[in-house]
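1. Any chance you could fold what I've pasted below:
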Amino acid sequence: MKKKATLFTAILAASVLLAACGNSETGTAEKQEERNSFTTGQEPMTVEKESGSFHLLAKIYSRSSDTLTVEGRLTYTGEKPATIHHGMAMMRFGMMDQQKNESVDEMVFPDIAYKSKVKPSQTFHEKRTFNLDEGRKYVLTIESTISEKKPKIISFDPIAISW
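-> Coordinates of the predicted model:
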C-alpha cells in the first residue's frame, strides 16, 4: 500500500511540475507578445536598448482615439566627449499600415550626414504622433543610426499596433 501511495505522490508531483513548466513557457511567450504589441487604450509602453556608448529609450502612448505618440530619448553613455556622425533625425519612427501595405504619415529626410560633438550623459529627444484609423493593424519601427568609429544601428523588434 505504501508503494502505491508513494508512486501516486511521485506522479502527482511530476504532473504539477510539468504543468508549472508549461505555464511558465506560455507566460514568457505572452510577456514577449505583450512587449511587442500595443493596443488602443493600453497604458503607456516603454522599450529600451543599449548599444555601445548609447542608450535608446522609447515611450509609446495614446491620448486620443485616433493618434499614437512615440517619444524617443537617445543618451550618450560614454565617459569622454566624442564626435559622432548621424542623419538629420537622431531617431526614426516608422508606421506601416499592414492592410494597405503603405507608410502612415511618412517623413522623408534628406540623405545628409551630420557631425556632432557629444558630451557624457548628453541626451537627444524626438517625438512623433501618428494618425491611425480604427479597426486597422499597423507595425511600428523605432531605430537610430549613429557612427562613432563604426556605423551602428540601434533598433527594436517591430511592434504590432492594433487600433
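
2. ranges for the helices of the protein?
-> Per DSSP state H, the chain carries helices over the ranges 2-35.

3. Low-confidence stretches in it?
-> Where the chain drops to pLDDT under 70, the residues are 1-35, 107-111.

4. can I see the domain layout of it?
-> Dividing the chain into domains by automatic domain parsing, as the record does, gives the ranges 1-35, 39-162.

5. and residue 94, how many neighbours?
-> 19 (other Cβ atoms under 10 Å). For glycine as for every other residue, the C-beta is placed from the backbone atoms N, C-alpha and C.

6. ok, it - contacts?
-> 103, 106, 140, 141, 142 (Cβ atoms under 8 Å, 6 or more residues apart in numbering).

7. didn't the third one look like it was pressed against residue 38?
-> Going back to what we said before, that points to residue 140. Yes. Using Cβ atoms under 8 Å, residue 140 is in contact with residue 38, at 7.3 Å.

8. Check the contact lists of those two and give me the overlap.
-> Joint contacts of residue 140 and residue 38 (Cβ under 8 Å, 6+ apart) are 60, 68, 159, 160, 161.

9. from these, which single one is nearest residue 119?
-> residue 60 (28.1 Å; Cβ to Cβ).

10. From residue 161, how far off is the spatially closest residue to that closest one that is not a sequence neighbour?
-> Nearest in space to residue 60, with sequence neighbours left out and distances taken as Cβ to Cβ, 6 or more residues apart in numbering, is residue 45 at 4.6 Å. Residue 45 sits at a distance of 10 Å from residue 161 (criterion: Cβ to Cβ, to the nearest Å).

11. Which of the two has more residues huddled nearby?
-> More crowded of residue 45 and residue 161, by other Cβ under 10 Å: residue 161, with 25 against 17.

12. Tell me the bridge partners for the more buried one.
-> Listed by DSSP bridges, the beta-bridge partners for residue 161 are residue 38, residue 138.

13. Any figure for the gap between it and residue 92?
-> 16 Å.
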